[in-house]
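A.B. asks: With the input below, show me the fold.
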Amino acid sequence: MKEEKKKYALVTGGSRGIGRAICVQLAKDLDYHILINYNSNASAAEETLQMVEEVGGNGELIQFNVIDGEQVKNVLENWHEDHPNDVIEVVVNNAGITKDGLFMWMPKEDWSKVIETSLNGFYHVTNALIQKLLVNKYGRIINMVSVSGQKGTPGQTNYSAAKGAVIGATKALAQEVAKRKVTVNAVAPGFIKTDMTEELNEQELKKMIPANRFGTAEEVAHAVSFLASSKSSYITGEVININGGIYS
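C.D. replies: Next comes the predicted model:
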């Protein structure tokens, strides 16, 4: 009897924050096994897996650093060898870091690290999987970007540059692969309550937001889940803003 093909959704940086919320939402809404990628925080990734299982989903952990192209390639190749009948249909490029500071005093390392994680990370993961998506003639690539990549945020020249570049890549790649039923979209959150925004003065900042509050990771995850589904098949090359009206 032929073993049934399992379908997977890979979420990079899936151990915490928005990544975690996406893993849980995909497990709730769609019939995918969730591949939770993490770099160093194994216990947080385990916690995410537990949450996926609690909502009735299945998942497994996959460790690699998106910055390290060789490592990404090797880990994904090994994964495919261990899962010869399975397919990764959804790729959520969520891994990202911030190293905020005024550009004038920004060390080269803070510039490079942010670009390497968001932009090169997108390249390493997507490039390692794109051929299989095209052969499969179906796929969903969802890139987590930011309002910073659209309007620019002072103190985040590096992050704005990285996310702006991923937006450009999203629009170009979408046109290359659309004939094969592979869509490529970006989701651009504004201020969302996560570990990443804990240091920010929410009381002060929410005055700038027409919705008068920070968003939740779950609100972002719902949009990602829709884009990961078959319902979104005529949407590609798009940037979905989730920012409470701060920028459109």
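A.B. asks: From here on, just use CA atoms for contacts and neighbour counts.
C.D. replies: Fine.
A.B. asks: And the lowest mean pLDDT element among the helices and strands of the protein?
C.D. replies: Across the helices and strands of the chain, mean pLDDT, DSSP states H and E gives its lowest value to helix 202-205, namely a mean of 88.
A.B. asks: dump the residue contacts of the residue nearest in space to the middle of the chain.
C.D. replies: What sits nearest the mean C-alpha location of the chain, by CA atoms, centre = their mean, is Asn94, with 2.2 Å. With contacts defined as CA atoms under 8 Å, 6 or more residues apart in numbering, the neighbours of Asn94 are Val11, Thr12, Gly13, Gly14, Gly19, Asn143, Met144.
A.B. asks: Give me the contact list for the least confident helix or strand of the chain.
C.D. replies: Helix 202-205 has contacts (CA under 8 Å, 6+ apart) with Arg213, Phe214.
A.B. asks: which parts of the lengthiest helix in the chain are buried?
C.D. replies: Looking across the chain with DSSP state H, the single longest helix is helix 157-177. For helix 157-177, the neighbour count (16 or more other CA atoms under 10 Å) marks 157-167, 169-171, 173-174, 177 as buried.
A.B. asks: Could I get the average pLDDT for it?
C.D. replies: Averaging pLDDT along helix 157-177 gives 98.
A.B. asks: Other residues contacting it?
C.D. replies: With contact meaning CA under 8 Å, 6+ apart, helix 157-177 is reached by 98-100, 102-103, 110-111, 114-115, 118-119, 122, 134, 143, 145-146, 148-150, 152-153, 182-186, 236-239.
A.B. asks: And the helix or strand just after it, what does it pack against?
C.D. replies: Next along the chain after helix 157-177, taking DSSP states H and E as the criterion, comes strand 182-189. Under the contact definition 3 or more CA pairs under 8 Å, 6 or more residues apart in numbering; DSSP states H and E, strand 182-189 sits against strand 139-144, helix 157-177, helix 217-227, strand 239-242.
A.B. asks: Just to check, Thr194 is in contact with Ala217?
C.D. replies: Yes. If you go by CA atoms under 8 Å, Thr194 and Ala217 touch, sitting 7.0 Å apart.
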